[in-house]
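[1] After the sequence you'll find the predicted model.
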There are 2 protein chains.
Amino acid sequence: MNPLLDQRSNSVKMTFMTSRRTDALSRERIVEATIQILDTAGESGLTLRAVTAHLATGRGAIYHHVTNKDELLAAAADGVISQVVAAAAGGDDPRGSIRALALGIFEAIDARPWVGVQLSREPFQPAVLQIWKAVGVSLSALGVGGTALADAGSALVNYVLGAAGQHAAGARRAPDGAARKEFLDGLAAEWARQDSDPLVQESAALLREHDDRAQFLAGVNIFLAGIFSSEAIAAVRRDASD
Amino acid sequence: MNPLLDQRSNSVKMTFMTSRRTDALSRERIVEATIQILDTAGESGLTLRAVTAHLATGRGAIYHHVTNKDELLAAAADGVISQVVAAAAGGDDPRGSIRALALGIFEAIDARPWVGVQLSREPFQPAVLQIWKAVGVSLSALGVGGTALADAGSALVNYVLGAAGQHAAGARRAPDGAARKEFLDGLAAEWARQDSDPLVQESAALLREHDDRAQFLAGVNIFLAGIFSSEAIAAVRRDASD
DNA sequence: ACCTGAACACCGTTCAAGT
DNA sequence: ACCTGAACACCGTTCAAGT
């Protein structure tokens, strides 16, 4: 009746065969279950009760491996972002790496809106630190250092996280393409109705046909351009003061 | 004491005397109570029970004027952002307006972390639309238009919202300067301990003495530089293809 | 029409009791 | 040490009943 309990009774530490339905509870298994629940039921579907049901265990058991529901969400996001960062790492083109990282994050969030919400929630969670470090490595390889690196890194990371949060909220509200189209059309109509300012009218028209992904990448390019034009100006200033 | 209250008494349509303990419930009064609760008790202190206690009314009364707790939060954030946008509007220097707007948002969030959290939560809430429009007007005045305006606006707004969310989360965790210093010192020590990579070591050192506000403004400048270098490149391309 | 407040259907977290 | 599950102290939201 309860396969999990049966498995648990013949658990052996040294075995090299690891089946999916492995025995004892562990942080890893809990996080894995958390990701599954988030993917299928969304953020509002993540309850401690859902996690314990999924793992066929008691309520309090979770708290032996994890201190908080928040820690659970942070760990789940970290699991997803780890893979994105690893996939974008390396290569001999730091600008390309930055674009690949940004795009990877965008796509991970497009597929799993809950990651975007979580990333924009807490500044020093593991997933965000990973992103900071990857951005730092690439910028450093491009010759940016010191305070300029901190400023540039902060700009890029905050931009990516901001877009992440906004896109995630949109994706949550309108999951598929059709719902999204309908939502944007309705919103554009609303804008156009509320405000006759030509700028708003034009924005409403653009809103209907805009591509989130392309717009996101355009933003990354703007920041990259800004970083190097700032760098160039700073270099000129340094030369001038020598 | 509460600028919103003052603002409201000026904006009340036909009367010039508005007492605090006015009789009937209204959306306005409910939002006002919401802001007060958020300011004094933080986001976790905002419960429907707290709102009804504050207004000395029954639980369900709120739902005659507001559909949701979410709408309450969005309306509260909109009230705060309205003032920021109004204060930063006008002037004949669009770049200055953009910096003033960004800084105004930063400072509003520094004073009221809950605003930052709320802004980064929902892409098409009233407060965010106000920011979009103000940014659009300034960029437009700088001669940016069409898709470039949408891209640039999106980049700036997402950057501001991202930084807003991250800074708000930090401000919530460490409200005063001393707590903040202690927190950053601890975090820097943690980074330095975990990773011997020289880049991380340097970042940890920078982290301890970095100024969130200056870093935020540096990001705005990077963005502005990026827009005009992108614009310049696009212009060159247009010329070349003619 | 507006308000009341009890009731409903949930939460996250704790903790004595078990193995 | 790890797990169980009832109990606790909350939530947001609804709705029959009042004015």
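    That came through, no problem. Residues are numbered from 1 along each chain as shown, chains lettered A, B, ... in the order given.

[2] can you list contacts of stretch A:128-148?
    A:78, A:81-82, A:85, A:88-89, A:94-95, A:97-98, A:101, A:105, A:119, A:122, A:149, A:152-153, A:156-157, A:160-161, A:227-228, A:230-231, A:234, B:166, B:191, B:195, B:199-200, B:202-203, B:206 (C-beta atoms under 8 Å, 6 or more residues apart in numbering or on different chains). In short, each C-beta sits where N, CA and C put it, glycine included.

[3] Please, where are all the helices along chain A?
    Applying DSSP state H to chain A gives helices spanning A:3-9, A:27-41, A:48-54, A:69-88, A:94-111, A:113-119, A:126-141, A:146-173, A:177-194, A:198-209, A:212-241.

[4] circling back to that earlier point, from the contacts of stretch A:128-148, list the buried ones, please.
    Buried by 16 or more other C-beta atoms under 10 Å in any protein chain shown: A:78, A:81, A:85, A:88, A:94-95, A:97-98, A:101, A:105, A:119, A:122, A:149, A:152-153, A:156-157, A:160-161, A:227-228, A:230-231, B:166, B:191, B:199-200, B:202-203, B:206, out of these.

[5] so what's residue A:152 closest to, chain neighbours aside?
    Distance criterion C-beta to C-beta, 6 or more residues apart in numbering or on different chains; nearest residue to residue A:152, sequence neighbours excluded, is residue A:227 at 4.5 Å.

[6] Revised request: answer the last question for residue A:180.
    residue A:174 (4.0 Å).

[7] residues in contact with the nearest residue to residue A:27 once chain neighbours are set aside?
    Spatial nearest neighbour of residue A:27, excluding adjacent residues (C-beta to C-beta, 6+ apart): residue A:65 at 4.4 Å. Applying C-beta under 8 Å, 6+ apart to residue A:65 gives the contacts A:25-27, A:30.

[8] Now for those: which two are most distant?
    Longest distance between any two of these is 8.5 Å, between A:25 and A:27; criterion C-beta to C-beta.

[9] Show me where chain A dips below the pLDDT cut-off.
    Residue ranges of chain A with pLDDT under 70: A:1-23, A:230-242.

[10] 80 - rerun?
    Scanning chain A with the threshold set as pLDDT under 80 gives A:1-24, A:175, A:230-242.

[11] Spell out which residues of it are next to DNA strand C.
    Taking C-beta under 7 Å from any atom of the strand as the contact definition, chain A meets DNA strand C at A:46-50, A:59-60, A:63, A:68-70.

[12] Burial check on residue A:58, number of neighbours?
    Neighbourhood size, residue A:58 [other C-beta atoms under 10 Å in any protein chain shown]: 9.

[13] so which residue of chain A comes closest to DNA strand D?
    Of all residues in chain A, the one sitting closest to DNA strand D is residue A:60 (2.0 Å; C-beta to the nearest atom of the strand).

[14] how near is that residue to residue A:82?
    Per C-beta to C-beta, to the nearest Å, residue A:60 is found 28 Å from residue A:82.

[15] if we can go back for a sec, can you check the contacts of residue A:65 and name whichever has the most neighbours?
    Greatest neighbour count in the contacts of residue A:65, by other C-beta under 10 Å, goes to residue A:30: 22 neighbours.
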